[in-house]
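Enquirer: Got a predicted structure plus its sequence, pasted below:
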Amino acid sequence: MDFDLTEEQQLFADTSRRFLADECDLDVVRSLAETGAGFPGAWWRRAAALGWLSLLVDEDAGGLGLGSEGVLYLGIVAEEMGRMVSPGPLLPCSVVAATLSRSGTGEQRSTTLPPLLAGEETACWCFAEGGRSWSADAVTMEAERVAGGYRLRGEKSPVEAAAGARHLLVTVRCNGQLTQFLVPADAAGVSIEPLEGLDLVRPFARVRFDEVEVGEASLVGAEGAAAEDVERQIQMGLAVCCAESAGAVARVFEFTLEWAFERYSFGRPLASYQALKHRFADMKTYLEGCHATTSAALHAIAGGAGDSALLARVAKAFIGDFAPGIIQDCVQMHGGIGVTWDHDIHLYLRRVATNRVMLGTPREHRAGIADLMAL
Amino acid sequence: MDFDLTEEQQLFADTSRRFLADECDLDVVRSLAETGAGFPGAWWRRAAALGWLSLLVDEDAGGLGLGSEGVLYLGIVAEEMGRMVSPGPLLPCSVVAATLSRSGTGEQRSTTLPPLLAGEETACWCFAEGGRSWSADAVTMEAERVAGGYRLRGEKSPVEAAAGARHLLVTVRCNGQLTQFLVPADAAGVSIEPLEGLDLVRPFARVRFDEVEVGEASLVGAEGAAAEDVERQIQMGLAVCCAESAGAVARVFEFTLEWAFERYSFGRPLASYQALKHRFADMKTYLEGCHATTSAALHAIAGGAGDSALLARVAKAFIGDFAPGIIQDCVQMHGGIGVTWDHDIHLYLRRVATNRVMLGTPREHRAGIADLMAL
Amino acid sequence: MESLEAFRQRARAWLADNLPRLPPDAEPWNAMRVAPGDADRARTLQKTLFDAGFAGLCFPEEYGGRGLPREYQAVFTEESRPYEMPLLFNTPTLTIIAPTILDMGTEEQKRRHLPAMIRGDELWVQFMSEPSGGSDLAGVITSAAFDGANYVLNGSKIWSSYASFSDYAICLARTDWDAVKHRGLTMFMMKIHQPGITVNRIRQSDGNVEFCQEFFDDLAVPPEHVIGKVNDGWTVAQRLLFHERSATGGSSPYASGTAGRRREDIDDLVRLARAAGRADDPHIRDLLAEVHVLQTVQGQTAERVVAGIAAEALPATAGALLRLFTGLNGLRRNDIAIEIANTDAVAWDARTSDGDAGKAYVFRQAWCLGGGSTEMQRNIISERVLGMPREPAADRGIPFKDVRRNAPIK
Amino acid sequence: MESLEAFRQRARAWLADNLPRLPPDAEPWNAMRVAPGDADRARTLQKTLFDAGFAGLCFPEEYGGRGLPREYQAVFTEESRPYEMPLLFNTPTLTIIAPTILDMGTEEQKRRHLPAMIRGDELWVQFMSEPSGGSDLAGVITSAAFDGANYVLNGSKIWSSYASFSDYAICLARTDWDAVKHRGLTMFMMKIHQPGITVNRIRQSDGNVEFCQEFFDDLAVPPEHVIGKVNDGWTVAQRLLFHERSATGGSSPYASGTAGRRREDIDDLVRLARAAGRADDPHIRDLLAEVHVLQTVQGQTAERVVAGIAAEALPATAGALLRLFTGLNGLRRNDIAIEIANTDAVAWDARTSDGDAGKAYVFRQAWCLGGGSTEMQRNIISERVLGMPREPAADRGIPFKDVRRNAPIK
């Protein structure tokens, strides 16, 4: 969390935190994990009522009309959700909503958006094609022009929150150029196969497009002109991932610090052992780094800064390298109890380890950074 | 040093250590560094009189005839030299002597070897061709068949102890096959340009061969049949490098441990601070690893084990990764005085950092290991 | 005595004729994935070894062993790699508890239990750690009060692997609360499945169920089941910890097979790389080779430390070096596994993958916690190998009942 | 007040007209490579800034500054990057010593010295550390005995950068040996070049000569040169250390230019990679990007911590987070440099290379020692940012003369 939130932002953060504590604490998360229920629809609608899904959407499309500042609010929600290892498809729904608001047809804005923003329906973003392809350059799935529309053939995986989604935003190529379609999940030829996942409440799936025919009205933006939207979606996704991981690490650090003060060994609190103190110092330093780089990325995106592409990737690379390690160190501080199912810390570790990989590992982002810097 | 040296080996180690302490302590090393004098010839002859250069040489070629056990003794000398950051071209002279003993012509064995073994002349091994080419596969320099002999053209760098060497063992290709020549340093067309070096008493040079013509008698072994000798030379070199670094790290660890007991801060010895104690524990663990893997490599070479190629590279990769870091940690334990010229620790750091790179960095060896394991 | 080479040949032939050969692509044995049914299988295999004279090679003959030097066990272990072995008996039964009883037990205890372990009749576990205890093993608050006839135990133990399907346990409890911490402990042995003991299985963070927690409710243990002396249990515990460090560090002579992958075996990671289509990527090859280097040097270091202890060039506590090395290597191995597996570590198709890289990563710190945390190993190395000053402790010299400690945790 | 943007435009135009532009391939300024002749050049440049009203932007106007908020200095610093700047004045003169005097000095001391520093007349150094001292700054044994008229100093100081060509020093000495450690210290100021002080230059492990050691032989310092109160020098030292952490962590508002490379500037490493012919190697590109990531986040963290301290969400001691981050990044940068340079780091052709990667590696730990060791930063973070218990010290509550300490080292 930034130290210099505006009053509005602080209020929004407080409301979000209270809402999660009241309606989706870790007991709820655990019971969702046990039952495989995904997330409670009623809860998601109440989250939507707080505006969580309308942050990036223009007023005339039913959103809050926060403009570019909206992403800062989105970062706040993501961080709070990270603190509670929350379920719910915040990232995919936000990405789809933002792009529809910006580049969707009138029909898409007036028909698809409202239930999405109200939390009554969900959407997902079909982008990666197997592991290690979280860059626009790696998109190879083609949409072929046919009479009255397009025919889609290919496979996208992993796709967050595909099962249960009403709409799929699919990034493909038409004649080699990036193009996006909004495809109904029940279109003929679409099949969704759930994957097993490390995160217990965040589902991923493989989505197959087997000669899926869609009309021209399914285009989001013009044919071959989606590159800018895709890059915005990537940056948004990276920022959400980072904010969520930063929130998760911050929360773990908090309760581990408490534990160190309360737990006695050899008649002394753990917090009095220099070797542990020094590890806490390292953790605190890199935790501040996680917050700082997330904030810098969010502000660059909000400000439309020219270096937002770079800064979003810097943040993801840094947090991917450091966040999981901080949580592992916190596990170590807990001792044996930290590797039991009943302790909450593994829920955080699963979330952060998943975020490390999704939308690209640190190494993959460093390759992207080297490209962006023309090294 | 192994914990289970034979009595002979222990005696040899003690003699070597005493000789170095008496005749080439760190004050001598420092004065050699200041004057750029390389190493004192008389001292090298006395070292040779202890048998240091005859360890790998057959009895009928004037050596000690230790057979394959010789390399264990060579490891002992290298470790002791590492403990004292000694000057002197142990590695190149040993490599050349071993190969001449094994594959040299009668003339080479009877004429070249004796002054080499006596420390009256020195030799060097011209192998690498610029950075990152410490593998036989990377050798591209060609020797061309001409009437009555061969013509050599190319450049070798870095070459240890080339300046002042009487003979150059040069690894090249004839018709694509590895071949070695023993070239007099004063042959027409040979030029030796000293390089600047991090190690203050271990000189390297670039050696140019500008249409150097040599007779058939210069061949070491048959034309195109040097692969086995070259691999032996590499393994020997790696083992010497490792033993030397292990000795250097062991010595630094010793005096740093003493320092930690003697040095007081806030009324307590450094050795009483848990954060420092734990770093010493890590250092000790990896120091034992350095010794263990060096010993395993040396014994594999001595025993002619099929995995000696692999184990020599494992040792070099491990020590290259861990040895410099242990010394840096020891610098940290010393505080400011550890980064001054007058403290001996930088002499060790320079030696070990140089050994990390020479004959291949850890990463380069890991690539070799992956090849050897057919990963 | 039979020559080592003759022994090797005989062992090789016998193994080929008598033990099932593992398929070449068998998953390495994983101590974290033991199912209750595995216990009976292990008992049968151990019995097979025993009947042929290949069990307990380094235990004295009078207690059911063969009285051979450690090299013989090393040779047998090496030869046994391709076969299915009773690895479940290694730790803690044969490598930790048996040698502790050998060192500290009464003649009666040794004669009664050592042969039973070696011939596969008794699987043992340790009841050492407690939920409220942490790294301070001597801080146990399980109480053992003498009622004139028996010691009556109340309290709880945790982290005892396999308790639910084992037979006996060795258990540290407090018999004197007025003594200082280390002086009021006593080591007991007990049958696990009896009234007064409740065993619950604990689910690990990676989803597997392996560890157990036990509750003692007025459990009566007769005085003849004390190991060592009353109130001198810490001496017994220290022997036990010594053997535990040897076992987890890989230097125990009492293991009758290796309890993990062959040290240079990186086949599982290679398979992971192939599944991810990345086996030719230089970065991945670099990581695979790194694991090979670390595991090789770990094994070499174990040999060196064992030799050093034998030569008295290193103190017996130097086993902690191996525990630390193993622990840190384990972390690196897990980190490399998730880097290789990439998305397969976090979202996988259940038909083609088991997501093990990710699950193992969630359980990663177990490498640095089981068998004593790496922090404790570092204390041991710095204080007892390097001789540095001990950490100040707030519980020295005062009755344990007055020491600030954690409340019991259920 | 002039708007920030107007100020930026004015600064930009003035800089272009008045300061020499650095060549694009200029080596980044290196505090470790300052030559004596650089001092006069810095004095001239600082005077140029001062005359135009661009010096000491955040210092009060009554002491020669401009009384502007920190954003103005940040803007000026940013604009000044392409130019040659008097960076030598930054640390310690303007960022450490001037604000310490501002906080703790007498009115007379402030009026006398702050304007002189800001206009480039006085370069200052710190006489704080001692050869026998280590991390315990309060453990100074340089003695200052009052003879009725003056304090008479005897002892030795070390690690004082640039002392040989600077003008004044701030010096911590012991005035009461019967008090406990922190209570017997007094902070003095003094001219460096005077009888009673001998300055020797110290050669660093990388071969450069930069640090100095000073010896005091009956040096007389008048009472009016005491900063703060007699025997309360530790209070002054703590302010000084606070400013030092801000300066080395990159959060000081008093620097009139950046004392290092631009945070995302990895040009030197890119050049190294090109020289080694490896700029296209994915491994090398990965390492270059890693340095960029770490340096970028270091800068972002500095901004965050500064904001946190300003908002009182973090204590002032949080500057230690930046020192630690910077120190650890420095290590990684050096490690990466030698990996990139490969053989060029250890054996190089003097005509085409200067072997800097290797030499910097030899001096690597200076990143984690200068300005307080990383161990001290970790103590500060854990104890004063996180509130964990302090380390037990064996020197609390007893007269300093009775504390076990190191013998003086020459």
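Expert: The structure has been received and is ready for your questions.

Enquirer: where along chain A do the strands fall?
Expert: Under the criterion DSSP state E, strands of chain A are mapped to A:123-126, A:142-146, A:149-160, A:167-174, A:177-184, A:190-194, A:196-197, A:204-215, A:219-220, A:264-265, A:268-269.

Enquirer: Nearest approach to chain D belongs to which of those strands?
Expert: With respect to chain D, and counting by C-beta to the nearest C-beta, the nearest of the strands of chain A is strand A:268-269 at 6.9 Å. From N, CA and C alone the C-beta is placed, and that goes for glycine too.

Enquirer: picking that back up, among the strands of chain A, which is the most enclosed?
Expert: strand A:123-126 (a mean of 30; mean count of other C-beta atoms under 10 Å in any protein chain shown).

Enquirer: A:Glu80 touches A:Arg17, doesn't it?
Expert: Yes. In terms of C-beta atoms under 8 Å, A:Glu80 counts as a neighbour of A:Arg17; the distance is 5.1 Å.

Enquirer: Need the single longest helix in the chain, by residues.
Expert: The chain I'm using is chain A. Longest helix in chain A, counting residues (DSSP state H): helix A:227-262.

Enquirer: You answered for a different chain; I wanted chain C.
Expert: For chain C, assigning by DSSP H, the longest helix comes out as helix C:282-310.

Enquirer: Can you spell out which helices and strands pack onto that one?
Expert: Here helix C:282-310 is seen to pack against helix B:274-302, helix B:308-334, helix B:362-372, helix C:267-275, helix C:319-341, helix D:282-310 when contacts are counted using 3 or more C-beta pairs under 8 Å, 6 or more residues apart in numbering or on different chains; DSSP states H and E.

Enquirer: Can you say which of those is nearest to A:Val314?
Expert: helix D:282-310 (5.0 Å; C-beta to C-beta).

Enquirer: how about the strands of chain A in CSV, adding distance to chain D and mean pLDDT?
Expert: Formatted as CSV, these follow (distance: least, C-beta to the nearest C-beta, whole Å; pLDDT from 0 to 100):
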stretch, distance to chain D, mean pLDDT
strand A:123-126, 25, 98
strand A:142-146, 28, 96
strand A:149-160, 24, 97
strand A:167-174, 25, 98
strand A:177-184, 24, 98
strand A:190-194, 33, 97
strand A:196-197, 27, 95
strand A:204-215, 26, 97
strand A:219-220, 32, 98
strand A:264-265, 12, 90
strand A:268-269, 7, 92
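
Enquirer: Select, out of those strands, the one closest to C:Gly233.
Expert: Counting by C-beta to C-beta, C:Gly233 lies closest to strand A:264-265 out of the strands of chain A; the figure is 19.2 Å.

Enquirer: how about the closest one, does it reach chain C?
Expert: Yes. Shown here: strand A:264-265 in contact with chain C (C-beta under 8 Å from any C-beta of the partner chain) through A:264-265.

Enquirer: Does that strand reach chain B?
Expert: No. Contact between strand A:264-265 and chain B, assessed by C-beta under 8 Å from any C-beta, is absent, since the two come no nearer than 12.5 Å.

Enquirer: Low-confidence regions, chain C specifically.
Expert: Low-confidence segments of chain C, defined by pLDDT under 70, are located at C:24-25, C:27-32, C:249, C:258-264, C:408-410.

Enquirer: Pull up the residues of it that are close to chain D.
Expert: In this structure, chain C approaches chain D at residues C:282-283, C:286, C:392, judged by C-beta under 8 Å from any C-beta.

Enquirer: CA atoms only: put stretch A:357-374 into CSV for me.
Expert: Listed next in CSV are the C-alpha coordinates belonging to stretch A:357-374 (Å, rounded to 0.1, in the frame of the first residue of the first chain):
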residue,chain,number,x,y,z
VAL,A,357,4.4,-17.9,-13.1
MET,A,358,1.2,-16.6,-14.5
LEU,A,359,1.7,-13.8,-17.1
GLY,A,360,5.4,-14.7,-17.2
THR,A,361,8.2,-15.8,-14.9
PRO,A,362,10.9,-13.4,-13.8
ARG,A,363,13.3,-14.8,-16.4
GLU,A,364,10.8,-14.4,-19.2
HIS,A,365,10.2,-10.8,-18.2
ARG,A,366,13.9,-10.1,-18.0
ALA,A,367,14.1,-11.2,-21.6
GLY,A,368,11.3,-8.8,-22.4
ILE,A,369,13.0,-6.0,-20.5
ALA,A,370,16.2,-6.6,-22.5
ASP,A,371,14.2,-6.3,-25.6
LEU,A,372,12.4,-3.2,-24.5
MET,A,373,15.7,-1.6,-23.5
ALA,A,374,17.3,-2.7,-26.8
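
Enquirer: Can you name the residues in contact with it?
Expert: If you take C-beta atoms under 8 Å, 6 or more residues apart in numbering or on different chains as the criterion, stretch A:357-374 is touched by A:132, A:134-135, A:158, A:160, A:234, A:237-238, A:241, A:309-310, A:313-314, A:316-318, A:320-321, A:356, C:283, C:338-339, C:342-343, C:345-347, D:282, D:285-286, D:288-290, D:292-293.

Enquirer: ok, back up a step: and the longest helix of chain A, what does it pack against?
Expert: helix A:70-83, helix A:90-103, strand A:177-184, strand A:268-269, helix A:274-302, helix A:308-334, helix A:345-357.

Enquirer: can I get the ones you listed in CSV with distance to D:Thr142?
Expert: Compiled in CSV, the helices and strands packed on helix A:227-262 are given as follows (distance: least, C-beta to C-beta, whole Å):
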stretch, distance to D:Thr142
helix A:70-83, 50
helix A:90-103, 60
strand A:177-184, 69
strand A:268-269, 36
helix A:274-302, 29
helix A:308-334, 41
helix A:345-357, 50
